[in-house]
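**Student:** Need the 3D shape of this:
(4 chains)
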Protein chains: 4
Amino acid sequence: MQLNDPAVWTARYRAVREHSLALAAPLSDEDCGAQSMPDASPIKWHLAHTTWFFETFILEAMEPGFAPFHPAFRVLFNSYYNGVGQKHPRPQRGLLTRPAMAQVRAYRANVDGRIAALVGSGLDADARSRLAALLTLGLQHEQQHQELMLTDVKHLLAQNGLCPEYLAEALPRAASAGALSWLPFEGGLMEVGYDGDGFCFDNELPRHRQFVEPFQLASRLVTNGEFLAFIEAGGYRNAGLWLAEGWDWICAQGFDRPLYWRQDDDGNWCEFTLMGLQPLDPGRPLTHISLFEADAYAHWAGARLPTEGEWEHAARESGVVPGAPPALPHPGGAAGSGALREMFDHCWQWTSSSYAPYPGFRPAAGAIGEYNGKFMVNQYVLRGSSCATPAGHARASYRNFFPAGARWQFAGIRLAR
Amino acid sequence: MQLNDPAVWTARYRAVREHSLALAAPLSDEDCGAQSMPDASPIKWHLAHTTWFFETFILEAMEPGFAPFHPAFRVLFNSYYNGVGQKHPRPQRGLLTRPAMAQVRAYRANVDGRIAALVGSGLDADARSRLAALLTLGLQHEQQHQELMLTDVKHLLAQNGLCPEYLAEALPRAASAGALSWLPFEGGLMEVGYDGDGFCFDNELPRHRQFVEPFQLASRLVTNGEFLAFIEAGGYRNAGLWLAEGWDWICAQGFDRPLYWRQDDDGNWCEFTLMGLQPLDPGRPLTHISLFEADAYAHWAGARLPTEGEWEHAARESGVVPGAPPALPHPGGAAGSGALREMFDHCWQWTSSSYAPYPGFRPAAGAIGEYNGKFMVNQYVLRGSSCATPAGHARASYRNFFPAGARWQFAGIRLAR
Amino acid sequence: MQLNDPAVWTARYRAVREHSLALAAPLSDEDCGAQSMPDASPIKWHLAHTTWFFETFILEAMEPGFAPFHPAFRVLFNSYYNGVGQKHPRPQRGLLTRPAMAQVRAYRANVDGRIAALVGSGLDADARSRLAALLTLGLQHEQQHQELMLTDVKHLLAQNGLCPEYLAEALPRAASAGALSWLPFEGGLMEVGYDGDGFCFDNELPRHRQFVEPFQLASRLVTNGEFLAFIEAGGYRNAGLWLAEGWDWICAQGFDRPLYWRQDDDGNWCEFTLMGLQPLDPGRPLTHISLFEADAYAHWAGARLPTEGEWEHAARESGVVPGAPPALPHPGGAAGSGALREMFDHCWQWTSSSYAPYPGFRPAAGAIGEYNGKFMVNQYVLRGSSCATPAGHARASYRNFFPAGARWQFAGIRLAR
Amino acid sequence: MQLNDPAVWTARYRAVREHSLALAAPLSDEDCGAQSMPDASPIKWHLAHTTWFFETFILEAMEPGFAPFHPAFRVLFNSYYNGVGQKHPRPQRGLLTRPAMAQVRAYRANVDGRIAALVGSGLDADARSRLAALLTLGLQHEQQHQELMLTDVKHLLAQNGLCPEYLAEALPRAASAGALSWLPFEGGLMEVGYDGDGFCFDNELPRHRQFVEPFQLASRLVTNGEFLAFIEAGGYRNAGLWLAEGWDWICAQGFDRPLYWRQDDDGNWCEFTLMGLQPLDPGRPLTHISLFEADAYAHWAGARLPTEGEWEHAARESGVVPGAPPALPHPGGAAGSGALREMFDHCWQWTSSSYAPYPGFRPAAGAIGEYNGKFMVNQYVLRGSSCATPAGHARASYRNFFPAGARWQFAGIRLAR
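**Tutor:** Down below sits the predicted model:
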């Protein structure tokens, strides 16, 4: 991707950057500062860290006479790049009441202006090329954080006894999910990994061959109604359905339902959503479950989770592509079309594949090489995209990854067998 | 104390309540929402909880046609009164981004108006008497939280790499502390506990007899300079000086200095204060140390900590009384007069006395009886008052108490032998 | 105490030392090696550590040409004396499968022989005096460990689903405890602390004056039957009865009964004893409860726990003295005589007094000064003695101490008011 | 495998069972009872649990008039089979001082006799077939525990400051390891998994196709000398070499060397072995490292760890097969022959493959199905066999597995690229 037309780049940059601020718009400065758990970050921190990324990896490398907006921000908003230096402790991001939101907005505006100036400056072809690559990475990085902004603020609001709404909207009842059917795939020796000429992360490369046995994939995601049947059948009390570590984990945590499901005094099930507490809709896709719960459900249903190779193969064979996320940030509501539905735009789908480097994987040189590679242990791959994924960010080769116990992402279940 | 003149009460009430808002004035809404550790609370929570106290213990009991400002606040802002019902989990007070500060201010204004109306209403003598007692307790309670507002916000700001200032003031260098002298007291059978006709907490009663052997008390608090000598003499590395639990604790935590002392790259000592980072002033009183550190220092200095009986006896015998806190919220700067100095207004002083009920102690009936009595285990008494104690709140019989490892209060050392 | 007759000393020494081996006699070498929790130690470790005490504090100081039995034992069997040097980690005492029990027995025999030789050697008067003091301390120390041997092995056997017996004896049903009566004491200015010419620990000194208000003491210990009534009345579910820290603790631990009480499938209560599982005997004294439980029970019963001053005063006034422990190591069974019963020989009695130095307390010089003083924080005093206390070890001024949550000692409740 | 000749079966059974006792022979009963960490078990527990396996899965199913040797053993010696019922808590296996070793030996003899009787009884063909399969599984299971007996007792003895020896033998200095060479493999579509007609575990099935890109494998294991160079080059202090979780882990644990390496006061490196403390032999294979350390070393060496498919492919292609373990239970000393050396008999080799089910994997029905499948999450596969693996237990398709932080197994590093 070349930087031939600065206006195109400037527009693209501005669109992504403004979307981050739009996501924060329904929130007060107070909402933006709090951190509900070490895995989540305050909205303000997301807004600053994504800016730090541009400042550190682009401006510091390429801006003539570079001086940081604020020297301390280098430490405060470094997420995990040991190569860049020290980091503010992750569990204490919620204690950074300074800089204020207003100062973070000023930081964003400052960096945006300097990026625009750099894009518009007379760079040679080589520099233009490097800048294009880094800008693209920075914008993709910001889009990843846009998804986390929604999942993190949802987790924060869920801790509050007032059940506050992020959006004051009613969540309409979904149309029936329709029967689940099993779609057959022949498998064989196939290629896995990105092969287009757009952007992809380093972990999607190199494209390589993988042999896949014949398999079947469920036509749609597991619904709330189906998972409720698992609960009512004693699924959370039957050790035989669970991975040993998962069983120990739900026993220790006392888990007996998805993260945001609640039951009122009359036994009615509700679900906390970004639109506040809503009656549980049996027709919408199940979400906010861990790999352990996904695996136990699959076991109970006489099926299993797909591998990431199977998932990618099915998506390619079927020609399904990402659409637009639903109007409201919650899975379902806009039924997918085609035989293979809901592969994108609703819930990430846990696979049974451990997050590992593809054969021949090479991280980038320098601190930016810490982006993906160093996390390739004890995590599992999720495929697809979710209702919180920004439009244009998803693709069939995309590899999302989380530890087996993570529940605060929009993750759901697609069965295989 | 009677409620004969509503105007007097209204003025007293307003003065205390306005002081809380004045303490929050230098802070942003973001600053007011964060919680730096489970022991500390957000400023916003303090402002709401003190209001909840008036609403729950006065309005709910005495206001005709009582209806709560917001039903959920009963749970959100209950600190520890099991008798009142459920409580929002203490370590998660920083996650309450809603209600917003503006709503908490509205809550305060609403309750203030209803209290004023109640005070001005035609109550009979018995009701007036009950109301006076509860108002007094509520205002004393709010003053306790005013002190915590300063210590909690100091702890919060200290976690921030930007070293933000609560007040943008310079802390002047103190006059020399002067030599420490030992003041003798004869002891004997004396009375301990409150005996005036003003307010006191239930834990200061009943006044009772205690026998005290002859003792000596240091004329002033231990200074930063003296404690620095302890550090430089290896005090934090000499197990023989420490209580066994204290030694295990500093080893496990890696502690080797008071809570807010820092050393720059050149070895110069600084101290984080509410006025930001300041050079360590050797003439000011030492503060922000645990009972363990106080005890080890005393051991090293060939002395010991006083008992609370000794402290109270000395204060009474010497006729020292609380003055006004220093202009800036930090110990020292206004040298006390008299032979026995700094008993009040600078640092609370750790005693060797475990916090226990006085003989014949009776907590109040109902939930308000949880105020003090249920904490009488595994805590130690501190006497005096600090630079953060509101004027008019201290007295010789006052019993402050914290666990032996607490360091975020303005606690210092007065030696005895 | 002088060392005038070596034969007397040798006999006294041998009697105490042999009693330790007698306590281990019902146990296998395997039983003697295990450690059930960090607070408890293996029997083998007790046997070795008490020997280490004689070797380190007597032989090393006084034996001509001293050489250790085994150099590594200095570290392996040091309990907590930082002044002696390094220590094997306390929680890992159960991993010391070497030295074998046989080698520890050899260690004991070796040290016993060398002590006998030293006692019989021609020491001058000053050395004889020092030796007598250290021998006395060493034997008192060993007697303290004899009590721990019983409580520690009880805790170990209680973890085993086989419910093994330490002694294969039946525990007979106790005679009725008789009605509890309240004995009045006038109090006043009295003396506290040891004042005889025999041995006492440093923490019982100096004798000093204390003023005690009039009080009443229960004539006997609280029984199992009385505590069962507390349980059945919901005592463990009523926050209002508990110290705040105690309530949090029982909630976190899920405690709802004394340490060794069990309920079979039919709801019958049993108690694990050193004689194995036995039906709960309502007439025997309650034991194995924490200070938190003792305090909550007292609160429920409309009473309180005594202070240690009250307890000592009552014991002296009433002239009660320790007798012999019961035939079987369990409280009760041999009803005490007199108005004030069961002050000794059955259960230690929690007091409300924090463990603190007496006015003028001075620990011994050197490492042996670590014996008591460094533990004087966050512990509570127990008075009396228990069914596990060796004969001749108890006295009215004796101060036992444990943290408020300790339950594995033979601790019970005597009420005051 | 058929049960045609009972004498053959009886001999095979007796040989394996006697080997377990032989492994315990150098140990005292005390040694056999202790448990050094939750991951390890006491020798006595291994001896009892392997017997429980035969009693539960064979005798209970097939013995006429079955009655258990001791009813409580069903719970005490159940490892992790939820389908069998309750289990004694794993971290408390070291507290089972009863049953005594003598009773466990009696248990073994009893079950051995009953198994022999069952083998010799007149079973029909179907029962013979079932019995053969279960006997084989039981013996393979016991062999797995034989390896754990050595690694667990090594871990126990290593906690003891006396550095006790399991075998009182000198460990001779190894011949030079020779230069490491890179052996090329073409890869391609190959078959993975067991395909012989002997025994294999369910996790080695079904045999299936996998596509492997061309790769190179190191001719031998990484040596102590090579790993020492990594340490001396600052390998444990360079975040850039480590997986993020590994880096956090070594920082939190303070790890800076393999589990059993020690450095004396003069800086000389030693290694704790089953033959006691020995000078570090630079020519022997490195062992007792975690996956994290293996991965960091590979990164530092410009290589990577093999996948389990690559490993199995290389072993098959090269025709290497397990030999006999070394005379002393420590890696190295008997240099393997051939181009590809030390694939078996010295150290298990960490692979980069997460432990996951093969396509079409089906666990056995009933409780025995818990043998392998439920552990297939957050663990990594090790291939080969070690110096502690019993002769006859290893094969090219064998899948060992441990969490990434496990260090107490004989695990080493074979590089790939």
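**Student:** ok, A:Lys374 - contacts?
**Tutor:** A:363, D:242-244, D:247 (Cβ atoms under 8 Å, 6 or more residues apart in numbering or on different chains). All C-beta atoms are positioned from the backbone trio N, CA, C, and that covers glycine.
**Student:** 10 Å - rerun?
**Tutor:** A:80-82, A:363, D:239-247, D:295, D:299 (Cβ atoms under 10 Å, 6 or more residues apart in numbering or on different chains).
**Student:** do A:Ala367 as well
**Tutor:** With Cβ under 10 Å, 6+ apart, A:Ala367 has these contacts: A:56-57, A:78, A:80-85, D:240.
**Student:** between the longest strand belonging to chain A and strand D:348-354, how big is the angle?
**Tutor:** For chain A, the strand with the greatest residue count under DSSP state E is strand A:348-354. For strand A:348-354 against strand D:348-354, the angle by axes from the mean of the first three to the mean of the last three Cα atoms, to 10 degrees is 160 degrees.
**Student:** about what we covered before: now restrict the contacts of A:Ala367 to buried residues only.
**Tutor:** For those, a burial check counting by 16 or more other Cβ atoms under 10 Å in any protein chain shown picks out A:56-57, A:78, A:80-82, A:84.
**Student:** which of those lies closest to B:His141?
**Tutor:** Relative to B:His141, the closest of these is A:Asn78; by Cβ to Cβ it sits at 42.6 Å.
**Student:** which SS state does that closest one fall under?
**Tutor:** Three-state call for A:Asn78 (DSSP: H, G, I helix; E, B strand; the rest coil): coil.
**Student:** Kindly report the same for the one 10 residues further on.
**Tutor:** What three-state DSSP gives for A:His88 is coil.
**Student:** how close does it get to chain B?
**Tutor:** According to Cβ to the nearest Cβ, to the nearest Å, A:His88 stands 6 Å off from chain B.
**Student:** what's around that residue, how many residues?
**Tutor:** Number of residues near A:His88 (other Cβ atoms under 10 Å in any protein chain shown) recorded here: 20.
**Student:** List the contacts of it.
**Tutor:** Shown in contact with A:His88 (Cβ under 10 Å, 6+ apart): A:45, A:72-73, A:75-79, A:95-96, B:159-161.
**Student:** check contacts around A:Ser181.
**Tutor:** By Cβ under 10 Å, 6+ apart, the residues touching A:Ser181 are A:216-220, A:339-340.
**Student:** pLDDT score for it?
**Tutor:** The model reports A:Ser181 with a pLDDT of 95.
**Student:** Roughly how far does the residue of the stretch 301-417 of chain A found nearest chain B sit from chain D?
**Tutor:** When scored by Cβ to the nearest Cβ, the stretch 301-417 of chain A has A:Trp408 as its residue closest to chain B, at 13.8 Å. Remark: distance between A:Trp408 and chain D (Cβ to the nearest Cβ) = 19 Å.
**Student:** ok, back up a step: columns distance to chain C on top of the contacts of A:Ala367, output as CSV?
**Tutor:** Shown next, in CSV, are the contacts of A:Ala367 (distance: Cβ to the nearest Cβ, whole Å):
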residue, distance to chain C
A:Thr56, 44
A:Phe57, 46
A:Asn78, 36
A:Tyr80, 33
A:Tyr81, 37
A:Asn82, 32
A:Gly83, 37
A:Val84, 39
A:Gly85, 36
D:Gly240, 34
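**Student:** Intersect these with the contacts of chain B.
**Tutor:** Among the contacts of A:Ala367, proximity to chain B is found for none (Cβ under 10 Å from any Cβ of the partner chain).
**Student:** Could you look up the SS state of the nearest residue to A:Arg90 once chain neighbours are set aside?
**Tutor:** The spatially closest residue to A:Arg90, leaving aside those adjacent along the chain, is A:Pro38, at 5.7 Å (Cβ to Cβ, 6 or more residues apart in numbering or on different chains). For A:Pro38, the secondary-structure state derived from three-state DSSP is coil.
**Student:** residues touching A:Pro38, list them.
**Tutor:** Listed by Cβ under 10 Å, 6+ apart, the contact set of A:Pro38 reads A:89-94.
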